[in-house]
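[1] show me how the following folds:
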Amino acid sequence: IGVEGATALSQNITWTHLQTLDLGGNKIGGKGATAMSQNTTWTNLQILNLEGNSIGAEGATALSKNTTWTNLQSLNLRYNSIGDKGATALSKNTTWDNLQTLNLGRNSIGNEGATALSKNTTWTNLQSLNLRYNSIGDKGATALSKNTTWDNLQTLNLGRNSIGNEGATALSKNTTWTNLQSLNLRYNSIGDKGATALSKNTTWDNLQTLNLWNNSIGNEGATALSQNTTWTHLQILDLGCNSIGDKGATALSHNTTWTNLQTLDLGYSKIDTEGATALSQNTTWTNLQILNLEGNSIGAEGAAALS
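    This next block holds a predicted model:
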């Protein structure tokens, strides 16, 4: 619909009860987003989706200054190239105190933007933050870890953000996110040191999903994770595309804490017959529904053991 269409919509004064507006993938740009930000009619707006609209820092800055949408609960700005400037502008918003879901995935946000977001003290009801596919790095992750406002945070997606062991270590020390249920660190490089640090976390006792796919984790990191006794509600663990090997698989098999585990992904993890045999002997995961060992070399003997 472009700038012209977005501008026209923003001038509507009839839809006073509008709660959901989805304009994803419409090329409204920075000017269209700016026009929408000036809307004063949609006082009941709860969900706004502007994903994939090339709004840039200009659009994000304008949106951040809107004071009408006091009931906004969900804002999706994924894939808009808002950058550090746009993220910083959003972080200064003081109107959306009912915001629960914020999606800023794939927005060219670096550590500066992440640091700014971490300092926001308005979004006390934030439950879900998606920063996937940015470049916040260790500095950005460390800044986020120091956040003390989002005590209702349940889902945090930091996949593909160039986070190493330093960032993972900092995150593991956060004591505010006591309600965290899902942590996605997929496609980073936290390594054994980062995995070991995470394993020592004692705050996230409500954690249900942990995604560490493709993180350069070896048997040392897998062994450390297996010894965590805090995540008693863990249901999904993804360690695929790491190099945990037979030793790591064996260590995981000795886990006695994850009694609620339903999905375990160990695909492409350099596991052979020995590891598969060890996994088959676990007696704790009585609720396991999905076990992925794709791309390993367990062989006929390993398959027989699992059977």
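
[2] only C-alpha atoms from now on, for both contacts and neighbour counts.
    Noted.

[3] mind checking how far Ala35 is from Thr155?
    31 Å (Cα to Cα, to the nearest Å).

[4] show me what contacts Ser243?
    216-219, 268-270 (Cα atoms under 8 Å, 6 or more residues apart in numbering).

[5] I'd guess Gly221 is in a helix, am I close?
    Yes: counting by DSSP: H, G, I helix; E, B strand; the rest coil, Gly221 is located in a helix.

[6] ok, the closest residue to it other than its chain neighbours to Thr209 distance?
    Closest residue in space to Gly221, ignoring its immediate chain neighbours: Asp192 at 4.1 Å, by Cα to Cα, 6 or more residues apart in numbering. To Thr209, Asp192 is 19 Å away according to Cα to Cα.

[7] which of the helices or strands spans the nearest residue to Ser81 once chain neighbours are set aside?
    Spatial nearest neighbour of Ser81, excluding adjacent residues (Cα to Cα, 6+ apart): Asn107 at 4.3 Å. Counting by DSSP states H and E, no helix or strand carries Asn107.

[8] and the gap between Asn107 and Ile244?
    32 Å.

[9] contact partners for Gln127?
    100-101, 150, 152-155.

[10] show me those residues that map onto strands.
    101, 155 (DSSP state E).

[11] of the contacts of Gln127, closest to Lys119?
    The shortest approach to Lys119 among the contacts of Gln127 belongs to Trp150, at 10.2 Å (Cα to Cα).

[12] contacting residues around Ser135?
    Per Cα under 8 Å, 6+ apart, neighbours of Ser135: 108-111, 160-162.

[13] which of these sits closest to Asn26?
    Using Cα to Cα, the contacts of Ser135 come closest to Asn26 at Ser108, 19.7 Å.

[14] which non-adjacent residue is nearest that closest one?
    Spatial nearest neighbour of Ser108, excluding adjacent residues (Cα to Cα, 6+ apart): Gly83 at 4.8 Å.

[15] hang on, the residue nearest to Gly221 packs against Ser216?
    Yes: shown here, Asp192 and Ser216 form a contact pair, counting by Cα atoms under 8 Å, at 7.3 Å.

[16] picking that back up, among the contacts of Ser243, which pair sits farthest apart?
    Across the contacts of Ser243 (Cα to Cα), the longest gap, 13.6 Å, separates Asn219 and Tyr268.

[17] what subset of the contacts of Ser243 is buried?
    Buried members of those, scored by 16 or more other Cα atoms under 10 Å, are 216-219, 268-270.

[18] generate a markdown table for those, with secondary structure and pLDDT as supplementary columns.
    Below are the buried ones among the contacts of Ser243 laid out as a markdown table (DSSP: H, G, I helix; E, B strand; the rest coil; pLDDT from 0 to 100):
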| residue | secondary structure | pLDDT |
| --- | --- | --- |
| Ser216 | coil | 98 |
| Ile217 | coil | 98 |
| Gly218 | strand | 98 |
| Asn219 | helix | 98 |
| Tyr268 | coil | 98 |
| Ser269 | coil | 98 |
| Lys270 | coil | 98 |
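
[19] of those residues, which is the nearest to Thr115?
    Ser216 (25.6 Å).

[20] so the closest one sits against Gly194, correct?
    No: the criterion here is Cα under 8 Å, and Ser216 misses it with Gly194 at 9.8 Å.

[21] so where do the helices sit in the stretch 151-300 of the chain?
    Using DSSP state H, counting those that start in this stretch, the helices of the stretch 151-300 of the chain run over 165-172, 191-199, 219-226, 245-253, 273-280, 299-306.

[22] make TSV from those helices and add distance to Asn44 to it.
    Shown next, in TSV, are those (distance: least, Cα to Cα, whole Å):
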stretch	distance to Asn44
helix 165-172	35
helix 191-199	40
helix 219-226	45
helix 245-253	49
helix 273-280	52
helix 299-306	55
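
[23] ok, which of these comes nearest Leu75?
    Short answer: helix 165-172, nearest of the helices of the stretch 151-300 of the chain by Cα to Cα, at 24.2 Å.

[24] how far is the closest one from where the chain is centred?
    15 Å (Cα atoms, centre = their mean, to the nearest Å).

[25] likewise for stretch 227-247?
    Counting by Cα atoms, centre = their mean, stretch 227-247 comes out at 17 Å from the chain centroid.

[26] what about it, how long is it end to end?
    14 Å.

[27] one more: stretch 176-190?
    Length of stretch 176-190, first residue to last, Cα to Cα: 21 Å.

[28] give me the mean pLDDT for that stretch.
    Averaged across stretch 176-190, pLDDT comes to 98.

[29] which parts of the stretch 1-150 of the chain are strands?
    20-22, 47-49, 74-76, 101-103, 128-130 (DSSP state E, counting those that start in this stretch).

[30] make JSON lines out of these and add mean neighbour count.
    Below are the strands of the stretch 1-150 of the chain laid out as JSON lines (neighbours: other Cα atoms under 10 Å):
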{"stretch": "strand 20-22", "mean neighbour count": "13"}
{"stretch": "strand 47-49", "mean neighbour count": "19"}
{"stretch": "strand 74-76", "mean neighbour count": "20"}
{"stretch": "strand 101-103", "mean neighbour count": "20"}
{"stretch": "strand 128-130", "mean neighbour count": "20"}
